[in-house]
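S.K.: this is a predicted model, with the sequence first.
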Amino acid sequence: MDTRALREIGLTEIEATVYVTLLGLDGSGAGEIIKKTGLHKATVYSVLQQLIEKGVVSYILLGKERFFRAESPDVFLDMLEYKKQKLNEILPELRQKIGTEKKEQEATIYSGTKGIKTVCESALGELRPAGEYVDFGVSGLFKETMGAYWFQWQKKKRAYKIGSKCIFDESVRGNKELLQNYFGAKKFVAKQFYSPVDTMVYNDKVVLFIWNARPPLAVKIKSTDVAEAYRNQFKLLWKIAKK
């Protein structure tokens with residue numbers, strides 16, 4: 001007999017074999033079950049005890065010997081009904097938990113140089129003291145767009161001991177004023193990687209500075225997963241970048 005259905009509702013393969021065998025015997029001692037199934041004596045006794053605990057086998061004592069009997073197969077319907085009832089009792093609580101563990105994610109857009117200053121000051125506030133951010137797609141447009149504020153940004157980083165790793169494109173290598181005032185580690189990638197979008201990653205934040213927008217924009221994304229994805233992208237570029 002195919003015992004797959006019994007296994008699907010909670011019996012192991014051996015339990016199902018013993019149950020079906022006992023059902024055909026309409027009551028038996030352990031010896032007859034051992035003979036019919038070919039299972040080891042210790043295994044049969046262990047499985048019978050498990051079936052008794054599940055309520056699908058019962059026994060009576062005849063002298064010192066146990067005489068086992070399989071319960072009607074209808075007992076499985078009762079078992080399923082009981083499980084359904086218990087599940088219905090906890091379903092409301094389970095439904096309330098849907099989405100409660102989702103990670104917080106949000107995105108905010110800042111417009112113009114004042115908006116970008118707000119983003120930068122917020123980053124400084126989170127990173128001070130001695131935090132670190134990584135940055136790639138750096139083309140010098142931050143300094144060009146923000147003017148004097150870029151120099152203030154570098155001074156504040158130094159004062160707060162905020163570390164940084166930036167990947168510039170090769171076009172910046174000749175900008176001595178920028179490189180002399182930049183505070184942090186730096187590497188360079190080929191000009192073909194030039195981008196008007198500067199990507200900064202710190203803590204659980206990603207900030208996309210879109211310098212060629214009119215006015216310039218900063219998009220700040222708060223997401224642990226997104227930040228980790230961009231941080232991994234930075235690590236890959238950092239490996240191939242040159243000093």
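M.R.: In hand now; what should we look at?
S.K.: so where do the helices sit in this protein?
M.R.: 4-8, 13-25, 30-37, 41-53, 74-96, 112-127, 141-146, 148-159, 176-181, 224-240 (DSSP state H).
S.K.: dump these to CSV, plus mean neighbour count, distance to residue 168 and mean pLDDT.
M.R.: Quick note: C-beta positions are derived from backbone N, CA and C, even for glycine. Compiled in CSV, the helices of the chain are given as follows (neighbours: other CB atoms under 10 Å; distance: least, CB to CB, whole Å; pLDDT from 0 to 100):
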stretch, mean neighbour count, distance to residue 168, mean pLDDT
helix 4-8, 13, 61, 85
helix 13-25, 19, 64, 89
helix 30-37, 16, 75, 90
helix 41-53, 16, 68, 91
helix 74-96, 11, 50, 86
helix 112-127, 16, 18, 94
helix 141-146, 18, 11, 94
helix 148-159, 15, 14, 95
helix 176-181, 12, 8, 94
helix 224-240, 14, 11, 94
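S.K.: now those helices in CSV, with distance to residue 135?
M.R.: Below are the helices of the chain laid out as CSV (distance: least, CB to CB, whole Å):
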stretch, distance to residue 135
helix 4-8, 55
helix 13-25, 59
helix 30-37, 70
helix 41-53, 62
helix 74-96, 42
helix 112-127, 11
helix 141-146, 9
helix 148-159, 11
helix 176-181, 13
helix 224-240, 8
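S.K.: for residue 195, find the nearest of the ones you listed.
M.R.: helix 141-146 (9.4 Å; CB to CB).
S.K.: so which of the helices of the chain gets nearest residue 60?
M.R.: Of all those, helix 41-53 comes closest under CB to CB, at 11.9 Å.
S.K.: now the angle from that closest one to helix 30-37?
M.R.: 110 degrees (axes from the mean of the first three to the mean of the last three CA atoms, to 10 degrees).
S.K.: specify the beta-bridge partners of residue 138.
M.R.: In this entry, residue 138 is beta-bridged to residue 168, by DSSP bridges.
S.K.: that one against residue 172, yeah?
M.R.: Yes: the pair residue 138 and residue 172 qualifies as a contact (CB atoms under 8 Å) at a distance of 6.9 Å.
S.K.: check contacts around the residue lying closest to residue 127 once chain neighbours are set aside.
M.R.: With sequence-adjacent residues excluded and distances taken as CB to CB, 6 or more residues apart in numbering, residue 127 is closest to residue 162, at 4.8 Å. The contact partners of residue 162, by CB atoms under 8 Å, 6 or more residues apart in numbering, come to 124, 127, 128, 129, 130, 131, 132, 133, 156.
S.K.: tell me the domain ranges of this protein?
M.R.: Here the domain parsing of the chain from automatic domain parsing is 4-76, 106-240.
S.K.: how about these in a markdown table, adding distance to residue 96?
M.R.: Listed next are the domains of the chain as a markdown table, based on distance: least, CB to CB, whole Å:
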| stretch | distance to residue 96 |
| --- | --- |
| domain 4-76 | 27 |
| domain 106-240 | 23 |
